[in-house]
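K.L.:
Predicted model, plus sequence, below.
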Amino acid sequence: MSRQVFLYDPPDRFVAGTVGLPGRRTFFLQATAAGRTTSVALEKAQVEALAERIDELLDEVVRRSGGNAPVPAVAPSEIGDTAPLEAPIEEEFRVGTMALAWDGDGECMVVEAQAVVELAADSEEDLADEEERLLQDDENGPPMLRVRLSGTMARAFAKRAMEVVNAGRPPCPLCSLPLDPEGHVCPRQNGYRRGE
């Protein structure tokens, strides 16, 4: 079966968003262009890592170019996107592997998100070989979302993604675990509920 690649070069909109209440949210990446929308599900930690790595990569691009790259130091406020995800949200796949790159010729960020794949292997060496084969197989690999973003769009994506991640449950000031509306059993309080 040939690989399905959802290509957005460039998208009209590329955002991270959620569905559900804090503590029970499902995270999505959503790309939209020319009347089509692709939504892929992923974990909160993946969204956070993606946003952090995008900012780090853009900072490195600016540093190496001596400030001449078309990348703003911070996300411009005039292109901030606070709108909800486009409905209906139809999950194409759950993200397993993500990759980032800077295309120097096109002066853009390339974000790739591949579907989770179950690999069968008898040993660690076989597993490593299977992973390498899968990553090199452009024809028959898992479904993939590939998005090419300008430096400005990438900064705006990273800013919104971190806001989405941080919009969840607040952390306990003692143990940093998330606080539920009904309270939480704090290990630093020897198992007592905060506020009791």
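P.N.:
Happy to help now that I have it.
K.L.:
contacts and neighbour counts: CA atoms only from here.
P.N.:
Noted.
K.L.:
neighbouring contacts of the helix or strand of the chain with the lowest mean pLDDT?
P.N.:
Across the helices and strands of the chain, mean pLDDT, DSSP states H and E gives its lowest value to helix 124-136, namely a mean of 72. Residues outside helix 124-136 that contact it (CA atoms under 8 Å, 6 or more residues apart in numbering): 119, 120, 121, 141.
K.L.:
out of these, which are buried?
P.N.:
residue 141 (16 or more other CA atoms under 10 Å).
K.L.:
Just the closest of the contacts of helix 124-136 to residue 37, please.
P.N.:
residue 141 (21.5 Å; CA to CA).
K.L.:
Could you look up the SS state of the closest one?
P.N.:
Three-state call for residue 141 (DSSP: H, G, I helix; E, B strand; the rest coil): coil.
K.L.:
Surely it touches residue 2?
P.N.:
Yes: with contact defined as CA atoms under 8 Å, residue 141 counts as touching residue 2 (7.2 Å).
K.L.:
those helices in this structure, which residues are they?
P.N.:
Assigned by DSSP state H, the chain shows helices spanning 44-65, 124-136, 151-166.
K.L.:
for the protein, which residue is closest to the average position?
P.N.:
Nearest to the geometric centre of the chain sits residue 47, at 3.5 Å (CA atoms, centre = their mean).
K.L.:
what's the spacing between that one and residue 26?
P.N.:
11 Å (CA to CA, to the nearest Å).
K.L.:
buried stuff in the strand ranked longest in the chain?
P.N.:
Looking across the chain with DSSP state E, the single longest strand is strand 91-103. Residues 93, 94, 95, 96, 98, 100, 102 are the ones in strand 91-103 that count as buried (16+ other CA under 10 Å).
K.L.:
So what touches that strand?
P.N.:
Outside strand 91-103, the residues that reach it (CA under 8 Å, 6+ apart) are 38-42, 54, 57, 61, 108-117, 143.
K.L.:
Check whether the residue nearest to the centre of the chain really touches residue 159, as I assumed.
P.N.:
No: using CA under 8 Å as the test, residue 47 is too far from residue 159 to be in contact (11.2 Å).
K.L.:
got the angle for the least confident helix or strand of the chain vs strand 91-103?
P.N.:
Angle, helix 124-136 to strand 91-103, by axes from the mean of the first three to the mean of the last three CA atoms, to 10 degrees: 80 degrees.
K.L.:
before we move on, the earlier item: take the contacts of helix 124-136 and lay them out in TSV including distance to residue 167.
P.N.:
TSV is the format used below for the contacts of helix 124-136 (distance: CA to CA, whole Å):
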residue	distance to residue 167
119	35
120	38
121	39
141	34
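K.L.:
what's the farthest-apart pair in the contacts of helix 124-136?
P.N.:
Spatially, the most separated pair among those is 121 and 141, at 16.9 Å (CA to CA).
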